[in-house]
Structure formats: C-alpha cells, structure tokens
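In: no FASTA, just this:
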C-alpha cells in the first residue's frame, strides 16, 4: 500500500509534464495555426482564449465534486477528456472544429491540473508546497521540450503544428494505468471552530483573502500567457526575425524550471518571493518596449521566466494553507482564476496588437502587473494588520 502511495508524486509529475508540452508547443504553434486557417490576430487570441475559457469554467464545477467523489477518479476522467480534445484538434478540418477541440482539451487540462494539486496537498500536508513547486518544475520542463520537439519535428521530418497535440495525447494514454494503480489518501477535513468570532472570521476571510489571491492569479496567468503566446508574433512581426521563437520560448520556460525548483526549496519564504517576483515581472515587461536586439530579448525572456516561476505554486500554496479541509474546492477556484486570466488576456492582447502593436501591449501588461503588486500588499495588510510582509510560518 505504501508503494502505491509513493507512486502518486511521480505520476503527477508526468501528468504536469504533458500539460507543459502542450502549453509550450501551443505557444510556438499558434501563429502557424492562424496562418493555416487564415485568421486574424484577434481570432488567434480567441483560439487561446477558448482553452482558458474551459480552464475557467470546469474547475468551478468539479472542484467541490472531487472532494466528494474521489480525486483520483476525477483526474482519470479529466485525462480522457484531455485526450479527446487533442485528437479532435489533430483531426479538425477547419477553424471551428479546432476551437471546439481546444475547449474540450482545456476542460480536461484544468480539472487535471487543479485536482492533481489538491491531491498533493492532501497527501503530503505541510510538505505539499515543496511538492507542488517540484511538479510545476516538471510542467516547465515540458514547456521547454514542447516547442523544441515541435520545431525539430517540423524541420527534420516535415511534420506540422499537430505534433503539439499528438505528443501529450500519447503521454496521457500511457499514464492511465499507472494512475489507476496509485493509492490516494482520503481527505482529512478541518474541525469547524467553536467560537462565534472565529466563525465570523471564517465567513469573512474568503471575501478578502481569496479575493486578493484570485485577482493576483488572474493577472499572473494573463501576463504569462501574453508573454509566451505572442513571443513568436513579437519576433516575426515587430523585430522581423523568423525561426528563432522556439529558442526564446525555451529560454523562458527553462528559467521557470530553475526558479520553481529553488522556490520549492525556499517554500517557507514564499510570501516574500511572491512580492519580489511581481515587481521584477513588471519591470521586465516594461523593458521589452525599448529593446530590439535578439540576444537582449532572449535574456529578458529568461529573466521573466525566473520571476514568473515561483508565482503559481506560491499562490496555490497560500490558498490551500488558508483553507485546509477544502483543498478541492479552493484549488478549483484558483484554477478557474487561471482560466479567467488565460481566456481574457490573449483576446485583449489580440485586440491590442491590432490597435497599438506588440510593444505597447507589453507595456499594458506591465501596468497590470503593478495592480497585482497592489493586490498582494492588500493581502499582506489583512494577514498582519499592516503593510508589511507577513512572517513565514
């Protein structure tokens, strides 16, 4: 039985690796997909938004259900939905079918990621934050490998962007049986506080603490997607550089691997790191407005990966710690915030590209990162009653 419990962590790592392959590959392929189906940049943004629209909706439905039905079986169902979405995109004859497939894929993607995160929280308790950071490092590794493998397949074997969805589909098909063989501990619910004031505080906390966390997550996923998905557009349409996007995207995600491993080691300092990362991201996004050299752009994308890496695990970890006993519902809600940012920002970026160009769009994202800094400061003020960063527990 213990061996079956130990299988859980590597299985989740492989699942997150597959999601990373799809994410990184999609970031490289989205422009090629737009060219094949002859769609505008705003429609290209809608294609990205379709995936994150599903990511926004589905965890709201299945987050609480996973606490009741069993998280392992919810993950299994999500894997099958993800597989179906990949196959539908591969076989799609036109833009409408691709949009449908992307929505189906996003439905499985979101439930799988959020529920797997909740499983780690239940399984490893106080050490869960470090495990979550390590699984997110696997996600980043997949996001590095995705564009490089797609680019290699296109150049070496004459394949096309469909390889982006073929690789994670094969990986998930291979992981169905290993997941069935794992043992997942049942959810341990926290006892309800007896005091009247404590109950009042518990009802109040989701309005403020969760509100700040959700807003920060929406902004984070928005700027991460805006950075990655439009990197190829930035290089090709603004800098007039072709064939280099896979290297820039790989540098971006490689940095996230490193920073997520480090953030897992330094998990107790997550609240300090979170604020530093948002401030650094804001400065680098603003700096993209002024650069034109490929090597400098690559370096800045690498540094953005360093600052982006710790954010998602830190936000998820804080949310899970603040609401123990409701991990499925809480991580589902945070995953929906991911979907909201991922659905809204690519569409806004598509419109912004048409109206103002790529550089001004990155300035807009820098301003939004500044709003996230304000949200984090508000969260810390509530947790400590002042404007200082709360001490690590």
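Out: Happy to help now that I have it. Quick caveat, the model's predicted, so the values are computed rather than measured.
In: what sits up against stretch 339-357?
Out: Outside stretch 339-357, the residues that touch it by Cβ atoms under 8 Å, 6 or more residues apart in numbering are 40-46, 48-59, 106, 110, 217-223, 225-226, 229-230, 233, 238, 360-361, 364-365. Backbone N, C-alpha and C define where each C-beta goes, glycine included.
In: which among these end up buried?
Out: By neighbour count, with 16 or more other Cβ atoms under 10 Å, the contacts of stretch 339-357 hold 41-42, 44-46, 48-59, 106, 110, 217-223, 225-226, 229-230, 233, 238, 361, 364-365 as buried.
In: Are there helices or strands packed against the helix or strand encompassing residue 108, and which ones?
Out: Assigned by DSSP states H and E, residue 108 belongs to helix 95-124. On a contact count with 3 or more Cβ pairs under 8 Å, 6 or more residues apart in numbering; DSSP states H and E, helix 95-124 meets helix 8-37, helix 41-69, helix 71-91, helix 128-157, helix 311-322, helix 327-356.
In: Let me know which of those is the nearest to residue 178.
Out: Counting by Cβ to Cβ, residue 178 lies closest to helix 8-37 out of the helices and strands packed on helix 95-124; the figure is 5.3 Å.
In: quick revisit: now the helix holding residue 108 and helix 8-37, what's the angle there?
Out: With axes from the mean of the first three to the mean of the last three Cα atoms, to 10 degrees applied, the angle from helix 95-124 to helix 8-37 works out at 170 degrees.
In: Show me what counts as buried in helix 95-124.
Out: Neighbour-count burial for helix 95-124, counted by 16+ other Cβ under 10 Å, picks out 95, 98-99, 101-124.
In: sec struct for residue 159, please.
Out: Classification of residue 159 using DSSP: H, G, I helix; E, B strand; the rest coil returns coil.
In: For the remainder of this discussion, apply numbering that starts at 26.
Out: Yes, from this point I'll number from 26; that puts the last item at residue 184.
In: burial count for it?
Out: Residues lying near residue 184 (other Cβ atoms under 10 Å) number 15.
In: mean confidence for stretch 339-357?
Out: Throughout stretch 339-357, pLDDT has a mean value of 77.
In: Return the set of buried residues in that stretch.
Out: Neighbour-count burial for stretch 339-357 flags 339-348, 351-357 (criterion: 16+ other Cβ under 10 Å).
In: Roughly how far does the spatially closest residue to residue 157 that is not a sequence neighbour sit from residue 356?
Out: Excluding its sequence neighbours, the residue lying closest to residue 157 (Cβ to Cβ, 6 or more residues apart in numbering) is residue 338, at 4.9 Å. Taking Cβ to Cβ, to the nearest Å as the measure, residue 338 falls 12 Å from residue 356.
In: for the stretch 26-175 of the chain, which spans come out with low pLDDT?
Out: Within the stretch 26-175 of the chain, the stretches with pLDDT under 70 are 26-30, 66-67, 88-93, 150-151, 153.
In: can you rerun that using 50?
Out: 26 (pLDDT under 50).
In: can you check the stretch 276-418 of the chain too?
Out: Scanning the stretch 276-418 of the chain with the threshold set as pLDDT under 50 gives 411-414.
In: rerun that using 90 as the cut-off
Out: 276, 278-279, 281-283, 285-297, 314, 316-318, 337-339, 341-387, 389, 404-418 (pLDDT under 90).
In: just how off-centre is the host helix or strand of residue 320 within its chain?
Out: Assigned by DSSP H and E, residue 320 belongs to helix 319-333. Mean-position distance between helix 319-333 and its chain equals 18 Å (Cα atoms, centre = their mean, to the nearest Å).
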